[in-house]
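**Q** pasting the sequence and the predicted model now:
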Amino acid sequence: MLQLEFRTDLGAKVTVEVPSPDKLLEVQAYYGARGWTSGEVPSGGYVFPYDNEADFNWSLIGARPFRNSEGEIMVMHRGHAYRRRELEAVDSRKIKLPAAIKYSRGAKNTDPPSVREKADGDFEYVSLCIFRGGKRQERYAGKASLVAQPQANAAD
């Protein structure tokens, strides 16, 4: 029997038994939909295939997508709001990267150095996840997300 340790949205630690390996993501999604998280976000954030972003099942990582007051797509995870950023492909002599979509936020002085990433100037940020390259994996798919939904008109 497998066991997963979660941290609830209120910080309590809970261990849950998983009946079989093929039920692992189902259990993560079930508790993640309640805001519970398992494990720590890796340095640089989770990496998922680019084609999974439009309908990614955010409950797998205990996150919830929303639109802020300016209409931007955001994700709430462990009390932090991460902004959706589209990164253009890079093709230079030194590096070649496909286009990507990253969810990140500005770093806070309480963030450990291991999760901080440098940007232009003195600005630092923390990444939750990046969608880049790779083949789509149906195991990460959920319902259509805010990305696939048209933005509501304020006049409606």
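**A** That came through fine.

**Q** drop to CA atoms for contacts and neighbour counts, all remaining ones
**A** Will do.

**Q** what element comes up after the helix or strand of the chain with the lowest mean pLDDT heading to the C-terminus?
**A** Least confident helix or strand, the chain: strand 117-118 with a mean of 84, by mean pLDDT, DSSP states H and E. Next helix or strand after strand 117-118 toward the C-terminus (DSSP states H and E): strand 124-132.

**Q** listing partners with orientation, what would you give for that following strand?
**A** Sheet pairing of strand 124-132 (DSSP bridges) gives strand 46-48 (parallel), strand 100-106 (antiparallel), strand 117-118 (antiparallel).

**Q** outside of stretch 99-106, which residues touch it?
**A** The contact list for stretch 99-106 (CA atoms under 8 Å, 6 or more residues apart in numbering) reads 50, 53, 74-75, 80-90, 123-133.

**Q** surely L25 forms part of a helix?
**A** Yes: the assignment for L25 (DSSP: H, G, I helix; E, B strand; the rest coil) places it in a helix.

**Q** show the model's pLDDT score for it.
**A** pLDDT, L25: 93.

**Q** and it, how many neighbours?
**A** For L25, the neighbour count with other CA atoms under 10 Å is 16.

**Q** what sits against it?
**A** Counted by CA under 8 Å, 6+ apart, L25 has contacts L60, R139.
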